[in-house]
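Enquirer: got a sequence here, can you build the structure:
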Amino acid sequence: MFDFIFRKKPTIFLLLAIIVIALVFSIMLNQPLHEGLEMEDATINNPPPEIIEKAMKIIQNKDKTKLQKLIDIRDMVKRKYKVLGEIYNTNESSILKELNDSLSKMPKRDSEGKLFDENAIVGDKRDKANKILSSNDYSAIEKIEKIQEIAGKDKAVNNILDEFIGGWYKMVKENIETLQSTVNDPSHA
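Expert: Residues are numbered from 1 along each chain as shown. Modelled structure (predicted):
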């Protein structure tokens, strides 16, 4: 059947096939990749000594929050180094899952309908937080940062953020300290 089609008008079908292939490649090349996946595909395992030193200075900065430090380090190593990329990927997805689970539940109320947590994210704030979580316009870490801003004094969300960001920060800090000691130790050269 296809032989008959190609014998009659081979150039039209060949041209059509080339256009379809070009369109597929064009779509694939313009497709925005999730930042975490881009970091996973990094080919370099460890950052060079100068990057490790900069990361260490960020960690030692007492004026920044843990999340700000994580963002600064991510901006510096983004999509380049597997060793840190895996830590970011794992922690970002864990925090987003917990936030999603927390925001999908109704805030707890007493028998009279009064909120147990007067600062709970409700109404427009909750809708805004859910839109951010489901949006493709932000990277995972930007979503976390924006939800932290919206959360205000919401205990449930802040507990999740404190617990997960603290653990994530500790992992990054320990990893950078290990990398720094490896760089400073001549026996590992």
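
Enquirer: now this protein, which segments are flagged as low pLDDT?
Expert: 1-10, 12-14, 25-26, 28-44, 79, 110, 184-189 (pLDDT under 70).

Enquirer: in it, which spans are strands?
Expert: Assigned strands in the chain: none (criterion: DSSP state E).

Enquirer: all helices for it, in order.
Expert: 2-8, 10-30, 35-40, 49-60, 66-77, 82-104, 123-134, 140-151, 155-184 (DSSP state H).

Enquirer: how about those in CSV, adding mean neighbour count and distance to residue 116?
Expert: Bear in mind the C-beta positions are built from the backbone N, C-alpha and C, glycine included. Formatted as CSV, those follow (neighbours: other Cβ atoms under 10 Å; distance: least, Cβ to Cβ, whole Å):
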stretch, mean neighbour count, distance to residue 116
helix 2-8, 9, 68
helix 10-30, 10, 47
helix 35-40, 18, 34
helix 49-60, 16, 37
helix 66-77, 18, 26
helix 82-104, 18, 14
helix 123-134, 15, 16
helix 140-151, 19, 16
helix 155-184, 16, 9
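
Enquirer: out of these, which is closest to residue 115?
Expert: Evaluated with Cβ to Cβ, the helices of the chain place helix 155-184 nearest to residue 115, the distance being 10.5 Å.

Enquirer: domain ranges for the protein, per the record?
Expert: 1-31, 35-188 (automatic domain parsing).
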